[in-house]
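S.K.: Sequence first, predicted coordinates after that:
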Amino acid sequence: MGLKGLCLAVFFMVYGLLATTFTASAKLPDYCNGFESMINSCGNDVTKAGPNFSASNSCCYGSYYAFNLAMLDHDKRLINLCKCLQFGIKNLKFDPYKIIKIPDACALKITFPISVCVFFKFLPPSLQNITENIHL
């Protein structure tokens, strides 16, 4: 294998690695604005097969930012985070049981029950655009 062959092999290895890195930013709905870092950085961690869960450093950093943003506004932002996580479960094949392990795995303190956020639909579809009067 010459230098050209080696360079070609390295190129395809790097390309394959980049192609398998999780990215969902282009597919996310508007209510995920501000939570893209968590969705993108935790995507690989929460879609891996098997019951074990280990959060990567990037997932922990993205989650820290997303959870703090949601806790700043317990009305709209928290509901949007929950809707965004539910979108991830439904459309991006996130494992809900792995999502609820993120705060413990990353040693994050949150002021809302993530399991309720993940498993409970806050609003019926007919009211999902009306969030001003919702309080958690």
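M.R.: Good, I have the coordinates.
S.K.: how many neighbours does Pro29 have?
M.R.: 11 (other Cβ atoms under 10 Å). (Each C-beta comes from the backbone N, C-alpha and C, glycine too.)
S.K.: Touching, it and Gly88? I think so.
M.R.: No. Using Cβ atoms under 8 Å, Pro29 makes no contact with Gly88, being 10.6 Å away.
S.K.: now the helices for this protein?
M.R.: Here the chain has its helices, by DSSP state H, at 3-20, 36-47, 57-72, 76-91, 96-99, 102-105, 114-119.
S.K.: will you turn the ones you listed into JSON lines that also has mean neighbour count and mean pLDDT?
M.R.: Listed next are these as JSON lines, based on neighbours: other Cβ atoms under 10 Å; pLDDT from 0 to 100:
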{"stretch": "helix 3-20", "mean neighbour count": "9", "mean pLDDT": "42"}
{"stretch": "helix 36-47", "mean neighbour count": "21", "mean pLDDT": "94"}
{"stretch": "helix 57-72", "mean neighbour count": "18", "mean pLDDT": "95"}
{"stretch": "helix 76-91", "mean neighbour count": "20", "mean pLDDT": "92"}
{"stretch": "helix 96-99", "mean neighbour count": "19", "mean pLDDT": "95"}
{"stretch": "helix 102-105", "mean neighbour count": "18", "mean pLDDT": "96"}
{"stretch": "helix 114-119", "mean neighbour count": "17", "mean pLDDT": "88"}
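S.K.: From Asn57, how far out is the closest residue to Ser56 other than its chain neighbours?
M.R.: Excluding the flanking residues, the one nearest Ser56 by Cβ to Cβ, 6 or more residues apart in numbering is Asp45, at 5.6 Å. Separation of Asp45 from Asn57 (Cβ to Cβ, to the nearest Å) stands at 10 Å.
S.K.: got it, and Lys76?
M.R.: 29 Å.
S.K.: From Lys83, how far off is Thr111?
M.R.: Look at Thr111 and Lys83: by Cβ to Cβ, they are 18 Å apart.
S.K.: Before I go, just wanted to say thanks for your time.
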